[in-house]
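the amino acid sequence is not available; the structure is as follows:
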């Protein structure tokens, strides 16, 4: 059974850091690309970052480049999103999503078919 479970969301002050985790099951990370998306209230869902299955190469949205880092540990079935220098506009529900592909580079425009339930990140003083 395919499953993704996000955790690590919290309330953090501007300039702070958080690390989100995505625990996966039923989808080997060497066969699935993983992406992080976010959705703020009243806004459309936005692609944040992705990481490829085979070589672990990464891609970031312009809005988070230089501040966020995606990584994974295949053996642990875990994917992480390290978020630094957080801004109020980073406030959103963050989701991880999977696609069965070994293509590279990854794309935030792919039709990711498996999704987690999301974790809330709030950046506020």
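Received it, and whenever you're ready, just let me know what you need. All of these numbers come straight from a predicted model, not from anything done at the bench.

for residue 92, see how far away residue 41 is.
8 Å (C-beta to C-beta, to the nearest Å). For every residue, glycine as well, the C-beta is placed using N, CA and C.

comparing those two, which residue is more hemmed in?
residue 92 (22 against 7; other C-beta atoms under 10 Å).

mind listing the strands for the chain?
3-7, 11-12, 18-25, 32-39, 46-51, 58-60, 68-73, 78-83, 92-100, 114-115, 119-123 (DSSP state E).

any idea which residue is closest to the centre of this structure?
In the chain, the centroid-proximal residue (C-alpha atoms, centre = their mean) is residue 36; its distance is 2.4 Å.

next, give phi and psi for residue 66.
Phi and psi for residue 66, reported as degrees, to the nearest 10, are phi 90, psi -10.

and it, how many neighbours does it have?
9.

same deal with residue 121?
Using other C-beta under 10 Å: residue 121 sits among 22 other residues.

ok, it - contacts?
Residue 121 makes contact with 9-10, 12, 18, 20, 38, 83, 86, 90-94 under the criterion C-beta atoms under 8 Å, 6 or more residues apart in numbering.

among these, which one lies nearest to residue 122?
Residue 122 lies nearest to residue 91 out of the contacts of residue 121, by C-beta to C-beta, at 5.1 Å.

can I assume that closest one is in contact with residue 39?
No. Counting by C-beta atoms under 8 Å, residue 91 stays clear of residue 39, with 10.5 Å between them.

neighbour-wise, which of those two wins?
residue 91 (17 against 14).

thinking again about what came up before, distance to residue 107 and mean pLDDT added to the strands of the chain, as TSV?
As requested, the strands of the chain are exported to TSV (distance: least, C-beta to C-beta, whole Å; pLDDT from 0 to 100):
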stretch	distance to residue 107	mean pLDDT
strand 3-7	18	98
strand 11-12	29	98
strand 18-25	18	98
strand 32-39	8	98
strand 46-51	7	98
strand 58-60	7	98
strand 68-73	14	98
strand 78-83	16	98
strand 92-100	9	98
strand 114-115	16	98
strand 119-123	23	98
